[in-house]
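S.K.: the sequence isn't on hand, but the structure is:
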């Protein structure tokens, strides 16, 4: 068989799994793969030079589309640079398909450049790995290899979805025209992976018990919102769902940090559940996590995968019991919530210009239907204190909570969407991932608000770091970067706000359809952000 001929047969197998979008990182070793995807009109291809950014752009696309997205890299450090996005995709169950070109195995020790060991480098962070044989000699060998790829792609988008990695050794010459496919058609394997029947052990008597449901990060189906609403009517059950849980209902509790921060010791005792049911990804509120950990006798049910079967089963079991006439457990939460939300609103209205007031203004003026991407660290914590917007969708990289791909992920999601996308991000995160702006297809529907508090503001908000001698130099990480010049170097329309009275007009200009402004810097470097934030939680304030 002609060298690299097997590459031509990869395309149909990948397309079969609903892959439409491919991120191509430039390189030489992966030239046959670039040729494969760019010559197939059914794939939409985008070139991203920085592999770390490319991984996150693909992550943003796959998160928004809920379908597999391919990333293609050359060999060497290119492969290593995908790791942060792979880790995030693994935690969030996002189907990334990583195709990495490699030198044929036997050449690795022959003093070649760009030669690293690419055999399962993301061990423990992918749902599966397959390495194509260096040489495919027969049609039978090719079919075996393609079946392995097919199975891997089944896993990527299956019930326990997540990233998968296919390493492809490619021999030189790399720039010849790809030959025709070897196989006329790929032998179809329509044997779905059997889904295990869910058998619940309902020994735990739910009626009469105080149940706290912790809904973590994710974009949840409408059915989950509906079943939880029904259960709230039948049981002593309260649902904590922060903005990134995307379960907008007046019956649920989006402000755990506010409620637990303002509750008295007596009230905390009343809020303590008998049973905790947790599903989805990360929860942001540290107070909520500490609250659950502080409970002595509590049963915790952690739901892996889709929560709907369990919730339906629970509803079915409750149906046979005498239902509660009044959910006094939820009413206790709601009473404290009402008081604390009111107090928070009053504080924010009177607070001086700062990150707190800027985020409040941004989230209250962004148009309905916008997809809001939240940067990690301080930004996402601030947003947990803001009035609920049920007409927005929230995304964030809370799986690994890294700042390194905040901008790229938002870029990727906006590239495959007609919605308006808004990224709220800190200055450090923005500078760290500024190569996200290096994109020939940068989406006009993405608006970025940078909260510039002079670097690493999160460490000023936490207790502890600021008492250390190394704090200002090594934790806060002041930087000399001009956000304006950095944005302009990528050709992006930029504006800056330094006063409260400018903010409303600049936000209006940013969100105006067809606006040439992509980036708005809210400069609060001269403001007392940390004092204002800490004072927010002072109950006597």
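M.R.: Yes, it's here. These numbers were taken from a predicted model, which means no experiment stands behind them. Numbering: from 1, shown residues only.
S.K.: pull the contacting residues for residue 10.
M.R.: 36, 146, 149 (CB atoms under 8 Å, 6 or more residues apart in numbering). All C-beta spots, glycine's among them, are computed from the backbone N, C-alpha and C.
S.K.: which member of those residues is positioned nearest residue 228?
M.R.: residue 149 (38.5 Å; CB to CB).
S.K.: what sits against the residue lying closest to that closest one once chain neighbours are set aside?
M.R.: With sequence-adjacent residues excluded and distances taken as CB to CB, 6 or more residues apart in numbering, residue 149 is closest to residue 13, at 5.4 Å. Residue 13 makes contact with 146, 149, 150, 153, 186, according to CB under 8 Å, 6+ apart.
S.K.: the nearest residue to the first one once chain neighbours are set aside and residue 69, how far apart?
M.R.: What it means is residue 146. Taking CB to CB, 6+ apart, and ignoring the residues beside it in sequence, residue 146 has residue 13 as its nearest neighbour in space, at 5.3 Å. Per CB to CB, to the nearest Å, residue 13 is found 16 Å from residue 69.
S.K.: and for residue 19?
M.R.: Here residue 19 is placed at a distance of 7 Å from residue 69 (CB to CB).
S.K.: of the two, who's got more company?
M.R.: Neighbour count, other CB atoms under 10 Å: between residue 19 and residue 69, residue 69 has more, with 27 against 24.
S.K.: how many neighbours does the closest residue to residue 183 other than its chain neighbours have?
M.R.: Leaving aside its sequence neighbours, residue 183 sits nearest to residue 9 (CB to CB, 6+ apart; 5.5 Å). Counted by other CB under 10 Å, the residues lying close to residue 9 total 22.
S.K.: need the three-state assignment for residue 9.
M.R.: Secondary structure assignment for residue 9 (DSSP: H, G, I helix; E, B strand; the rest coil): helix.
S.K.: so it touches residue 181, yeah?
M.R.: Yes - assessed by CB atoms under 8 Å, residue 9 is found in contact with residue 181 at 5.0 Å.
S.K.: now the residue nearest to the spatial centre of the chain, what's its secondary structure?
M.R.: Nearest to the geometric centre of the chain sits residue 397, at 3.5 Å (CA atoms, centre = their mean). Classification of residue 397 using three-state DSSP returns coil.
S.K.: coming back round to it: reformat the contacts of residue 13 into TSV and put neighbour count next to each item.
M.R.: Below are the contacts of residue 13 laid out as TSV (neighbours: other CB atoms under 10 Å):
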residue	neighbour count
146	21
149	22
150	17
153	23
186	20
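S.K.: pick the one among those residues closest to residue 237.
M.R.: Residue 237 has its nearest neighbour among the contacts of residue 13 in residue 153, at 38.6 Å by CB to CB.
S.K.: about what we covered before: as TSV, the contacts of residue 13 with secondary structure would be great.
M.R.: Shown next, in TSV, are the contacts of residue 13 (three-state DSSP):
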residue	secondary structure
146	helix
149	helix
150	helix
153	helix
186	coil
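S.K.: tell me the domain ranges of this structure?
M.R.: 5-169, 210-340, 351-536 (automatic domain parsing).
S.K.: want to throw the ones you listed into JSON lines with distance to residue 176 and mean pLDDT?
M.R.: Listed next are the domains of the chain as JSON lines, based on distance: least, CB to CB, whole Å; pLDDT from 0 to 100:
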{"stretch": "domain 5-169", "distance to residue 176": "8", "mean pLDDT": "92"}
{"stretch": "domain 210-340", "distance to residue 176": "44", "mean pLDDT": "92"}
{"stretch": "domain 351-536", "distance to residue 176": "27", "mean pLDDT": "90"}
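S.K.: which stretches in the stretch 401-541 of the chain count as helices?
M.R.: Assigned by DSSP state H, counting those that start in this stretch, the stretch 401-541 of the chain shows helices spanning 406-415, 427-432, 458-461, 483-489, 500-511, 529-536.
S.K.: now the fifth one: buried residues?
M.R.: Residues of helix 500-511 classed as buried: 503, 506, 507, 510, 511 (neighbour count, 16 or more other CB atoms under 10 Å).
S.K.: tabulate those residues in JSON lines, adding columns for distance to residue 532.
M.R.: Formatted as JSON lines, the buried residues of helix 500-511 follow (distance: CB to CB, whole Å):
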{"residue": "503", "distance to residue 532": "16"}
{"residue": "506", "distance to residue 532": "21"}
{"residue": "507", "distance to residue 532": "20"}
{"residue": "510", "distance to residue 532": "23"}
{"residue": "511", "distance to residue 532": "25"}
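S.K.: farthest pair in those?
M.R.: Using CB to CB, these reach their maximum pairwise distance at 503 and 511, which is 12.4 Å.
S.K.: report all helices and strands that the top helix by length along the chain contacts.
M.R.: The longest helix of the chain (DSSP state H) is helix 328-350. Packed against helix 328-350 by the contact rule (3 or more CB pairs under 8 Å, 6 or more residues apart in numbering; DSSP states H and E) you find strand 236-241, helix 256-262, helix 265-271, helix 355-365, helix 529-536.
S.K.: follow-up on the earlier one: hey, which of the helices of the stretch 401-541 of the chain is tucked in deepest?
M.R.: Across the helices of the stretch 401-541 of the chain, averaging neighbours per residue (mean count of other CB atoms under 10 Å) puts helix 406-415 on top, at a mean of 29.
S.K.: which other helices and strands does that one contact?
M.R.: Short answer (3+ CB pairs under 8 Å, 6+ apart): helix 406-415 packs on helix 51-65, strand 371-374, strand 393-395, strand 421-426, helix 427-432, strand 446-452.
S.K.: chain center to that helix, what's the gap?
M.R.: In terms of CA atoms, centre = their mean, to the nearest Å, the centre of helix 406-415 is set 10 Å apart from its chain centre.
S.K.: what does that helix rub up against?
M.R.: Helix 406-415 has contacts (CB under 8 Å, 6+ apart) with 46, 52-64, 371, 373, 375-376, 395, 397, 421, 423, 425, 429-430, 433-437, 439, 441-443, 445-446, 448.
S.K.: and those residues, which are buried?
M.R.: Neighbour-count burial (16+ other CB under 10 Å) is assigned, among the contacts of helix 406-415, to 46, 52-64, 371, 373, 375-376, 395, 397, 421, 423, 425, 429-430, 433-437, 439, 442-443, 445-446, 448.
S.K.: for residue 186, give me the pLDDT.
M.R.: Looking at residue 186, its pLDDT is 62.
S.K.: what values do phi and psi take at residue 389?
M.R.: With angles defined as degrees, to the nearest 10, residue 389 sits at phi -120, psi 110.
S.K.: check residue 89 too.
M.R.: Dihedral angles (degrees, to the nearest 10) for residue 89: phi -60, psi -40.
S.K.: does it touch residue 59 like I think?
M.R.: Yes - counting by CB under 8 Å, residue 59 is a contact partner of residue 89 at 5.4 Å.
S.K.: shared neighbours, those two?
M.R.: residue 96.
S.K.: can you confirm residue 223 is in a helix?
M.R.: Yes - with three-state DSSP as the criterion, residue 223 is located in a helix.
S.K.: now it. Nearest residue, chain neighbours left out?
M.R.: Using CB to CB, 6+ apart and skipping residues adjacent in sequence, the residue nearest residue 223 is residue 308, 5.9 Å away.
S.K.: quick one: contacts for that neighbour?
M.R.: 221, 223, 224, 227.
S.K.: change it to 10 Å
M.R.: Shown in contact with residue 308 (CB atoms under 10 Å, 6 or more residues apart in numbering): 198, 220, 221, 223, 224, 227, 279.
S.K.: quick check: the third one touching residue 280?
M.R.: Just to be clear, that refers to residue 221. No - between residue 221 and residue 280 there is no contact under CB atoms under 10 Å: 11.5 Å.
S.K.: which residues are in contact with each of these two?
M.R.: Joint contacts of residue 221 and residue 280 (CB under 10 Å, 6+ apart) are 246, 247, 307.
S.K.: closest to residue 161 out of those?
M.R.: Here the nearest of those to residue 161, counting by CB to CB, is residue 307; it sits at 14.9 Å.
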